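K.L.:
sequence? don't have it. structure:
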């Protein structure tokens with residue numbers, strides 16, 4: 001669990017990390033360097049969930065390598081499926097990270113939504129739905145490993 005007190009704002013108590021795969025943790029279906037190491041550190045703090053339409057295949061293998069829970073979306077719109085996962089985990093206790101249009105709704109619903117640009121771009125709708133935009137997944141994961149950075153960003 002990660003607890004972050006945002007002065008004159010609120011307390012974030014995070015227990016789950018929900019991650020998009022392609023464009024967030026991976027580029028062209030390949031995990032980005034440094035992701036595995038950071039997620040290994042975060043597993044002692046958060047339950048980690050990988051949700052993907054699996055555009056490039058290999059999502060289940062990536063989840064196995066990372067040692068995280070795997071959620072493959074069904075054909076059709078992904079946004080509602082990602083929202084359902086966030087809500088089922090208790091939205092206020094979820095930090096969600098993504099970059100695409102279908103991530104926007106989960107970023108908005110999560111207790112903390114972080115939009116990233118994983119080298120495949122970041123949809124404006126995802127950026128506007130997030131609480132924080134940060135250029136890379138490594139920087140986003142580092143925010144969770146150093147929560148005072150989140151406090152500094154979100155304090156009024």
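P.N.:
Yep, that arrived. This one's a predicted model, so the numbers in the text were calculated from it and none came from an experiment.
K.L.:
Residue 66 and residue 41 touch, don't they?
P.N.:
No - using CB atoms under 8 Å, residue 66 is not in contact with residue 41, being 11.9 Å away. The C-beta positions use only the backbone N, C-alpha and C, and glycine is treated the same way.
K.L.:
of these two, who's got more company?
P.N.:
It is residue 66, of residue 66 and residue 41, that has more neighbours when counted by other CB atoms under 10 Å, with 20 against 12.
K.L.:
Spell out which residues sit in contact with that one, please.
P.N.:
Residue 66 makes contact with 31, 35, 36, 39, 48, 50, according to CB atoms under 8 Å, 6 or more residues apart in numbering.
K.L.:
what sits opposite the residue most central in space within the chain in the beta ladder?
P.N.:
The chain has residue 97 as the residue nearest its centroid, 2.1 Å off, counting by CA atoms, centre = their mean. Beta-bridge pairing of residue 97 under DSSP bridges involves residue 19, residue 114.
K.L.:
any idea how far residue 116 is from residue 29?
P.N.:
Distance, residue 29 to residue 116, using CB to CB, to the nearest Å: 17 Å.
K.L.:
Neighbour count for the two, which is higher?
P.N.:
When residue 29 and residue 116 are compared for neighbours, residue 116 comes out ahead with 28 against 14, by other CB under 10 Å.
K.L.:
Backbone dihedrals for residue 27, please?
P.N.:
phi -120, psi 130 (degrees, to the nearest 10).
K.L.:
where along the chain do the helices fall?
P.N.:
Counting by DSSP state H, the chain has helices at residues 35-42, 59-66, 78-89, 104-109, 124-129, 137-145, 148-154.
K.L.:
And the fifth one, what's buried?
P.N.:
The neighbour-count check on helix 124-129 (16 or more other CB atoms under 10 Å) flags 125, 126, 127, 129 as buried.
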